[in-house]
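# Next input, structure requested:
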Amino acid sequence: MTATTEIRTANASTSKLLRWVLVLVPGLLLYLLPVAGFTPAQRHLLAIFIATIVALVVQPVPMGVSTMVAITLLALTKTIAPNQIFSGYSNPTVWLIFTAFLFSRAVTITGFGMRVAYGFIRRFGHSSLTLSYSIAASDLVLAPFIPSDTARGGGIICPVVHSIARALGSEPGSPSVELGAFLMLVGFHSTYTASAMFLTGMASNPLMADFAHQIAHVELTWLKWAIGASVPGLVALVIVPLLIYRLHPPAIRNTEYARVHARAELKKMGPMSSKEWRLVVILLLVMAGWVTSPWHGMPNAVAALSGISALLVTGVISWDDLLGERRAWEALIWFGALIMMADSLLQAGVVNVLSRSAFHYVQGWPWIAALMVLITLYLYVHYGFASMTAQVTALYPGFLAAALASGSNPLVAALSLAYFSNINAAMTHYGTGSAPVYFGTGYVSQGTWWRIGFIVSLVNLALWMGLGMLWWKLLRWW
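Residues are numbered from 1 along each chain as shown. Predicted structure coming up:
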């Protein structure tokens with residue numbers, strides 16, 4: 001072993017030890033020391049939950065390992081009854097998330113996702129600005145069926161954008177690097193606007209719908225979620241690329257060659273296969289099931305499972321494809337555990353205690369002002385998170401409870417927090433799974449990434465809490 005290798009090994013060991021310290025110290029202190037306002041049972045549950053959330057952020061071990069250790073500790077310490085430990089896996093939300101990952105695999109392995117992206121670029125990629133709108137439109141079309149921002153943004157859109165940028169001669173370090181930087185920034189920010197617009201656009205969205213039902217007693221159906229997001233989301237998809245165009249203008253304005261490149265890629269792919277046609281029909285039927293769920297009463301998870309069964313029976317995906325979709329199985333394991341712990345915190349009254357003590361300063365305010373403050377705080381606290389799921393699980397219930405305590409409209413509070421649980425990921429280069437993928441292409445410096453991310457966050461606040469509130473008023477939601 002060389003000296004360099006030994007140093008790297010030592011640094012890795014030190015880093016892992018530090019991560020474990022960050023996980024265990026707050027957890028043990030909270031578990032062992034009395035805290036005013038909490039019973040011992042509440043404190044023990046909260047301690048294990050907080051340690052789990054910190055573990056999801058700093059990741060001394062994979063996320064699935066952290067949650068398995070957590071449910072084991074809950075059982076061994078008798079913090080939660082044995083029959084409640086595995087209750088999260090019977091929650092329909094977990095299975096909706098699981099099936100959504102399988103839809104994502106079907107869209108990816110059939111090549112349909114790439115075909116959609118190149119199709120938009122071939123049709124609309126005349127200039128750098130229209131090319132950026134083609135990228136945003138591609139993400140919007142794929143978002144209802146690919147709930148993983150990493151799979152959609154990092155696995156489909158980013159490779160397409162990178163391919164187009166290189167075809168136009170834009171490489172990191174080249175004189176025309178600004179074009180690639182512009183396209184990468186637009187692709188990244190579009191991913192999270194599109195994620196916010198659909199219940200199935202991001203893995204944690206169904207989880208928030210479950211929290212909203214338990215805490216605010218409102219039903220966030222697929223259709224209601226999409227209608228609420230439609231106006232602010234579509235306006236954001238128009239304004240944000242134009243804003244980035246002004247903030248970080250590309251040197252190359254004419255991108256006709258992008259259309260030539262897209263046409264060549266589509267020619268390589270050939271005409272749509274029979275698998276792709278079957279996939280499209282099944283996806284449209286599943287979406288129809290989600291949209292019409294308020295009338296026929298079929299849960300979203302059942303409609304999704306019906307679609308997966310159809311994909312398997314018709315041969316669009318195989319059983320081996322299903323077994324090989326690691327992200328789906330990982331999500332099933334750790335979402336089930338997180339839902340169980342979140343439900344337990346709600347039932348034990350921990351969320352109410354936390355929201356009363358942490359957000360007492362907004363009590364007595366006009367509810368719109370209180371909600372604006374809570375949304376702003378919820379948005380910018382994501383600077384401290386490397387995972388949307390970790391923030392949703394740790395903070396969404398408490399912020400929603402605080403909003404309700406301030407008199408906020410339950411539906412508006414639940415949806416606005418849910419929308420910003422997606423949008424907040426676009427501020428940093430580490431805030432979610434696809435961020436390192438886009439940032440790792442090397443087109444955008446960290447300073448530029450953060451500067452534009454902050455400016456876009458201000459625009460999103462204005463659009464979603466300004467225009468959005470007016471839209472929700474027209475819908476008579478408040």
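# Pretty sure residue 460 sits against residue 239.
No - counting by CB atoms under 8 Å, residue 460 does not reach residue 239; the two are 9.5 Å apart. C-beta coordinates here come from the backbone N, C-alpha and C atoms, glycine included.
# Going toward the C-terminus from the helix or strand hosting residue 330, what's the next helix or strand?
Element membership for residue 330, per DSSP states H and E: helix 326-347. Sequence order places helix 350-358 as the next helix or strand after helix 326-347, per DSSP H and E.
# hmm, back to that, more neighbours, residue 460 and residue 239?
More crowded of residue 460 and residue 239, by other CB atoms under 10 Å: residue 460, with 26 against 15.
# got the contact list for the more buried one?
When contacts are counted by CB atoms under 8 Å, 6 or more residues apart in numbering, residue 460 touches 193, 236, 240, 379, 420, 423, 426.
# Could you find the lowest-pLDDT member of the residues you listed?
Lowest pLDDT of these: residue 426, 86.
# Could you give the number of residues near that residue?
Neighbour count for residue 426, taken as other CB under 10 Å: 27.
# any idea how far it lies from residue 146?
Here the criterion is CB to CB, to the nearest Å. By it, residue 426 lies 17 Å from residue 146.
# One more: residue 34?
Distance of residue 34 to residue 146, given as CB to CB: 47 Å.
# Looking at those two, which is more packed in?
Taking other CB under 10 Å, residue 34 and residue 146 do not tie; residue 146 has more neighbours (31 against 9).
# The more buried one should be in a strand, yeah?
No - applying DSSP: H, G, I helix; E, B strand; the rest coil, one finds residue 146 to be coil, outside a strand.
# From residue 113, how far out is residue 315?
Distance of residue 315 to residue 113, given as CB to CB: 19 Å.
# Narrow the contacts of residue 460 to those in helices?
Of those, the ones assigned to helices by DSSP state H are 193, 236, 240, 379, 420, 423.
# Out of these, the closest to residue 128 would be?
Among these, residue 240 lies closest to residue 128 (CB to CB), at 14.8 Å.
# From residue 398, how far out is the nearest residue to that closest one once chain neighbours are set aside?
Nearest residue to residue 240, sequence neighbours excluded (CB to CB, 6 or more residues apart in numbering): residue 189, at 5.3 Å. Distance, residue 189 to residue 398, by CB to CB: 27 Å.
# Pick out whichever of those two has more residues nearby.
Neighbour count, other CB under 10 Å: between residue 189 and residue 398, residue 189 has more, with 31 against 23.
# Nearest residue to the residue sitting nearest the centre point of the chain in space, please, no chain neighbours.
Centroid-nearest residue in the chain: residue 202, 4.1 Å away (criterion: CA atoms, centre = their mean). Among residues not flanking residue 202 along the chain, residue 195 sits closest, at 4.1 Å (CB to CB, 6+ apart).
# my guess is the one you found contacts residue 143, does it?
Yes - here residue 195 reaches residue 143: they are 6.2 Å apart, a contact under CB under 8 Å.
# okay, these two: which has more neighbours?
Shown here are residue 195 and residue 143; by other CB under 10 Å, residue 195 has more neighbours (33 against 26).
# What separation do you get for residue 102 and residue 286?
According to CB to CB, residue 102 and residue 286 sit 11 Å apart.
# Equivalent analysis for residue 381, please.
According to CB to CB, residue 381 stands 34 Å off from residue 286.
# okay, these two: which has more neighbours?
Shown here are residue 381 and residue 286; by other CB under 10 Å, residue 286 has more neighbours (25 against 14).
# Can you tell me the element the residue nearest to residue 240 falls in?
Following DSSP H and E, one finds residue 189 within helix 177-196.
# what sits against residue 144?
Going by CB under 8 Å, 6+ apart, residue 144 touches 198, 200, 201, 287.
# The last one: neighbour count?
Here the count is done by other CB under 10 Å, and residue 287 has 18 residues near it.
# now do the second one
Each residue near residue 200 was counted by other CB under 10 Å, and the total is 27.
# these two touch, right, it and residue 100?
Yes - Residue 200 lies in contact with residue 100 (CB under 8 Å); the separation is 5.3 Å.
# anything in contact with each of these two?
Both residue 200 and residue 100 are contacted by 145, 147, 206, under the criterion CB under 8 Å, 6+ apart.
# Give me the lowest-pLDDT entry from those.
Lowest-confidence member of these: residue 147, scoring 75 (pLDDT).
# tell me which element the nearest residue to it once chain neighbours are set aside falls in.
Nearest in space to residue 147, with sequence neighbours left out and distances taken as CB to CB, 6+ apart, is residue 100 at 3.9 Å. Assigned by DSSP H and E, residue 100 belongs to helix 92-109.
# how big is the angle separating that helix from helix 326-347?
Calculated by axes from the mean of the first three to the mean of the last three CA atoms, to 10 degrees, helix 92-109 forms an angle of 160 degrees with helix 326-347.
# what comes up buried for helix 92-109?
Going by neighbour count (16 or more other CB atoms under 10 Å), the buried part of helix 92-109 is 93-109.
# likewise stretch 384-397?
Under the neighbour-count criterion of 16+ other CB under 10 Å, stretch 384-397 has 385-397 buried.
# Residue 270: which of those is nearest?
For the buried residues of stretch 384-397, the nearest to residue 270 is residue 388 (36.5 Å; CB to CB).
# So the closest one sits against residue 432, correct?
Yes - contact criterion CB under 8 Å: residue 388 and residue 432 qualify, at 5.3 Å.
# Name the residues contacting each of those two.
Shared contacts of residue 388 and residue 432, counting by CB under 8 Å, 6+ apart, come down to 149, 425.
# re earlier: extract the C-alpha set from the helix holding residue 100 and format it as CSV.
Taking C-alpha atoms only, helix 92-109 is exported to CSV below (Å, rounded to 0.1, in the frame of the first residue of the first chain):
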residue,chain,number,x,y,z
PRO,A,92,-50.5,2.3,0.3
THR,A,93,-48.2,5.3,-0.1
VAL,A,94,-45.2,3.0,0.1
TRP,A,95,-46.5,0.8,-2.7
LEU,A,96,-47.3,3.8,-4.9
ILE,A,97,-43.7,5.0,-4.5
PHE,A,98,-42.5,1.5,-5.3
THR,A,99,-44.5,1.1,-8.4
ALA,A,100,-43.6,4.6,-9.6
PHE,A,101,-39.9,3.6,-9.6
LEU,A,102,-40.8,0.6,-11.8
PHE,A,103,-42.6,3.0,-14.3
SER,A,104,-39.4,4.9,-14.3
ARG,A,105,-37.4,1.8,-15.3
ALA,A,106,-39.9,1.0,-18.1
VAL,A,107,-39.5,4.5,-19.5
THR,A,108,-35.8,4.2,-19.3
ILE,A,109,-35.1,0.7,-20.7
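# what residue ranges in the protein are flagged as low confidence?
Applying pLDDT under 70 to the chain flags the ranges 1-12, 358.
# can you list the domains in it?
Domain assignment for the chain, taken from automatic domain parsing, gives 24-85, 90-474.
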